[in-house]
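J.: got a predicted model here, sequence first, then my questions.
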Amino acid sequence: MPDMTELKFAFLEEPPFCFTGASGEVSGCDVKLARRLGDMLGLASFSPIETEFAELLPGLVAGRWTMTTGLFVSEERKQLVDFTRPIWALQDGLLVAKDNPRGFRGYQSIAENQKALIGVITDQVQHLTALHNGIAPEQVRMFATQADAAQAVADGTVHAYASVAMAHRGYLAQRPDMPLGFVEIPPIEKQPSAGAFAIAKGNSALVRHIDSCLGELLGSDWHRQMMARYGFSDSDIDRVV
């Protein structure tokens, strides 16, 4: 493994994967897993670094951090960085106004309503998924963060926000007073996709060591209990074990 003593971990405010608690401590299922990896690798310190989604991979390439929070693996991203083995496989979802007044059922129902607007986070894969399901480019609005996109739905600036279904559940659990609801994308429009930690190219030994540790952790009693605290079921975990 490369000579290193610190795991610099880039994260987003996106519960249940990563979030900052009232005391200022960074938590979430990706954070807990990354901390455990750091311990297994014998690293002296774990340093979470908050950033925006659009900076995750450029910052990794530039050496500002060692590893990122889990990202969907794509051929385009694999040209820029390397990925560990998958740490989760998840379905997309829509954050919508409370009680879903427009009756959205998924991406295609938004495409059928040409006046409907959908929000996505810049560079997230849901942008392309929306387009592949017939949503016109002029119906899409870009946002930098989960909080910005969710607030736009609450304000009526957009009518839905597409992201990972589990992220929407995590957001609503932390903000039950927001006038928002949730719709899961049907598998016919999008199958669950695998996500993994990203690591800069040229660190193949580090990737191998992390994958070896993940082989021990994923599906273990510790992992299942930890993930359950963040809303993951055994069947969610079994997709990547």
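T.: Noted; the coordinates are in hand. Numbering: from 1, shown residues only.
J.: residues of the longest helix along the chain that come out buried?
T.: When the chain is parsed with DSSP state H, its longest helix is helix 204-217. For helix 204-217, burial by neighbour count (16 or more other CB atoms under 10 Å) applies to Leu206, Val207, His209, Ile210, Cys213, Leu214, Leu217. Glycine gets a C-beta too; all of them are placed from N, C-alpha and C.
J.: surely the last one meets Arg224?
T.: Read that as Leu217. No - counting by CB atoms under 8 Å, Leu217 sits too far from Arg224 to count as a contact (10.3 Å).
J.: show me this protein divided up by domain.
T.: By the assignment in automatic domain parsing, the chain contains the domains 6-89+193-238, 92-184.
J.: how far does the first one stretch from start to finish?
T.: The one in question is domain 6-89+193-238. 30 Å (CA to CA, to the nearest Å).
J.: nearest to Leu12, of the buried residues of helix 204-217?
T.: When the buried residues of helix 204-217 are compared for distance to Leu12 (CB to CB), Ile210 wins out at 19.8 Å.
J.: now the closest one: how far from Ile87?
T.: Counting by CB to CB, to the nearest Å, the gap from Ile210 to Ile87 is 10 Å.
J.: can you count the residues close to Gln174?
T.: Neighbour count of Gln174, defined by other CB atoms under 10 Å: 12.
J.: which pLDDT value goes with it?
T.: Note for Gln174: predicted pLDDT of 91.
J.: that one and Phe19 touch, don't they?
T.: Yes - when contacts are counted by CB under 8 Å, Gln174 is listed as touching Phe19 (7.3 Å).
J.: before we move on, the earlier item: just the CA trace of the longest helix of the chain, in PDB.
T.: Only the C-alpha atoms of helix 204-217 are listed here, as PDB (Å, rounded to 0.1, in the frame of the first residue of the first chain):
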ATOM      1  CA  SER A 204      -3.800   0.500  -7.700                       C
ATOM      2  CA  ALA A 205      -2.200  -0.900  -4.600                       C
ATOM      3  CA  LEU A 206      -4.500   1.200  -2.400                       C
ATOM      4  CA  VAL A 207      -7.600   0.100  -4.400                       C
ATOM      5  CA  ARG A 208      -6.500  -3.600  -3.900                       C
ATOM      6  CA  HIS A 209      -6.100  -3.100  -0.100                       C
ATOM      7  CA  ILE A 210      -9.500  -1.300   0.200                       C
ATOM      8  CA  ASP A 211     -11.200  -4.000  -1.900                       C
ATOM      9  CA  SER A 212      -9.700  -6.700   0.300                       C
ATOM     10  CA  CYS A 213     -11.000  -4.900   3.400                       C
ATOM     11  CA  LEU A 214     -14.400  -4.400   1.800                       C
ATOM     12  CA  GLY A 215     -14.500  -8.100   1.100                       C
ATOM     13  CA  GLU A 216     -14.400  -8.700   4.800                       C
ATOM     14  CA  LEU A 217     -16.800  -5.900   5.800                       C
END
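J.: so for that helix, mean pLDDT?
T.: In the prediction, helix 204-217 has an average pLDDT of 97.
J.: try stretch 119-131
T.: 95.
J.: hang on, the earlier thing: okay, and the common contacts of Ile210 and Ile87?
T.: Common neighbours of Ile210 and Ile87, counting by CB atoms under 8 Å, 6 or more residues apart in numbering, are Phe197.
J.: which intervals of the chain have sub-threshold pLDDT?
T.: 1-3 (pLDDT under 70).
J.: please enumerate the helices of it.
T.: Going by DSSP H, the chain shows helices at 29-40, 56-61, 75-78, 107-112, 126-132, 146-155, 165-174, 204-217, 221-228, 234-238.
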